[in-house]
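Engineer: Quick one, what's the 3D model for this:
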Amino acid sequence: MTDALLTAIRRYAEANADAGGIARTPIPGMTVVRATRVGELQYAIQRPLICLVAQGTKQVTMGSSSLTFRGGDLMLITADVPTISQISRATSMAPYLSFALHLDPALIADLSAEMKAAPIEAGAALRLQPTDAEVADTALRLVRLLDRPASIPVLQAQLVREMHHWLLAGRHGPAIRHLGFPDSHAQRIARAVDVIRSDFAATLPVERLAAIAGMSQSTFHLHFRNVTSLSPLQFQKQLRLIEARRLMLAEGATPGNAAYAVGYESVPQFTREYRRLFGLPPVRETEEARRRTQIAA
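Structural biologist: Model (predicted):
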């Protein structure tokens with residue numbers, strides 16, 4: 001990771017980050033993040049992306065796998081997976097800074113064909129790798145492009161394409177290549193995950209999900225866990241709980257209303273599973289969030 005990239009990310013983030021430290025950009029799928037203190041745990045269902053950590057430290061957990069990303073590291077997520085993350089080192093003098101870009105399966109497919117890259121089966125969906133020099137250089141030019149708004153429509157597509165090329169050509173290629181092959185096991189699982197994401201409040205029989213993936217139930221279970229680290233039922237449960245948490249903390253829903261909105265029929269069951277995932281029962285967590293807001297005000 002170069003000093004020039006660190007400086008470019010810092011400058012853009014300081015000028016454009018919102019209250020949560022997120023600096024969205026005019027380039028689709030590209031964001032810059034800045035944090036000046038250790039953050040709270042963040043729960044999300046991530047889509048495939050790369051994240052270049054320029055400064056500071058971030059811890060990310062997916063299933064039983066937990067990784068620590070520091071300046072110079074590249075975080076690679078190659079499937080729709082639930083993650084728990086926390087910025088664990090950041091100060092006002094040395095803030096956490098990172099560059100993130102969502103991966104484009106169609107672009108990967110196009111480039112893989114041009115590069116005559118053979119499909120391979122996916123491994124772990126969360127990976128830590130050093131950042132290739134070519135990837136860092138392309139990220140620098142993408143961030144610098146933000147300072148020239150008139151040039152963004154002309155140059156963004158070729159720079160994003162170049163980024164995907166260097167990702168495929170370098171050490172990160174084997175991890176992301178499967179995204180470009182629609183019939184790979186990982187992409188079949190991705191089709192089932194899309195259904196779970198869109199219909200998470202509904203009852204989704206495993207046989208229906210397996211049929212969508214074009215697999216037998218036993219094969220589907222095996223590959224679903226290999227890709228996401230969870231069973232289909234655990235995945236849907238985490239998605240429901242993460243959405244319920246958002247409804248309560250962001251929209252002020254009561255625990256009962258949030259539970260029913262995401263598909264639970266029993267509030268006590270919702271409360272037990274919520275506490276198991278987040279560490280606090282929903283009522284107490286909403287009270288704690290309210291208290292923190294009052295203190296901040």
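Engineer: hey, where'd the strands end up in this structure?
Structural biologist: Taking DSSP state E to define them, one finds strands in the chain at 22-24, 30-35, 42-46, 49-55, 57-62, 65-70, 73-77, 81-89, 96-102, 126-130.
Engineer: May I see the buried residues of the last one?
Structural biologist: When you say that, I think you mean strand 126-130. Residues 126-129 are the ones in strand 126-130 that count as buried (16 or more other CB atoms under 10 Å). C-betas here are computed from N, CA, C, even on glycine.
Engineer: ok, back up a step: lowest mean pLDDT across the strands of the chain, which one is that?
Structural biologist: Mean pLDDT per stretch puts strand 42-46 lowest among the strands of the chain, at a mean of 84.
Engineer: Adjacent strands (with direction) for that strand?
Structural biologist: Paired with strand 42-46 in the same sheet, following DSSP bridges, are strand 81-89 (antiparallel).
Engineer: quick one: residue 132 and residue 147, what's the gap?
Structural biologist: Distance of residue 132 to residue 147, computed by CB to CB, to the nearest Å: 24 Å.
Engineer: re the thing from before, can you tell me which of the strands of the chain is nearest to residue 290?
Structural biologist: Counting by CB to CB, residue 290 lies closest to strand 42-46 out of the strands of the chain; the figure is 18.5 Å.
Engineer: if we look at the closest one, which residues are touching it?
Structural biologist: Strand 42-46 is contacted by residues 77, 80-86, 197, 238-239, 241-242, 245, 277-278 when judged by CB atoms under 8 Å, 6 or more residues apart in numbering.
Engineer: just the buried residues of strand 126-130 now: which is nearest residue 258?
Structural biologist: The shortest approach to residue 258 among these belongs to residue 126, at 27.6 Å (CB to CB).
Engineer: Show me what the closest residue to that closest one other than its chain neighbours bridges to in the sheet.
Structural biologist: In this structure, residue 126 finds its nearest non-sequential neighbour in residue 62, 4.3 Å apart by CB to CB, 6 or more residues apart in numbering. On the basis of DSSP bridges, residue 62 is bridged to residue 65.
Engineer: Which phi and psi values does residue 172 adopt?
Structural biologist: phi -90, psi -10 (degrees, to the nearest 10).
Engineer: out of the contacts of strand 42-46, which are buried?
Structural biologist: By neighbour count, with 16+ other CB under 10 Å, the contacts of strand 42-46 hold 77, 80-85, 238-239, 241-242, 245, 278 as buried.
Engineer: Closest one of the residues you listed to residue 112?
Structural biologist: residue 77 (18.7 Å).
Engineer: Tell me what that closest one is bridged to.
Structural biologist: Beta-bridge pairing for residue 77 (DSSP bridges): residue 49, residue 126.
Engineer: how about low-confidence regions in the chain?
Structural biologist: Within the chain, the stretches with pLDDT under 70 are 1, 118-123, 292-297.
Engineer: tell me the centre residue of it?
Structural biologist: residue 46 (2.8 Å; CA atoms, centre = their mean).
Engineer: any idea how far that residue lies from residue 223?
Structural biologist: Distance of residue 46 to residue 223, computed by CB to CB: 19 Å.
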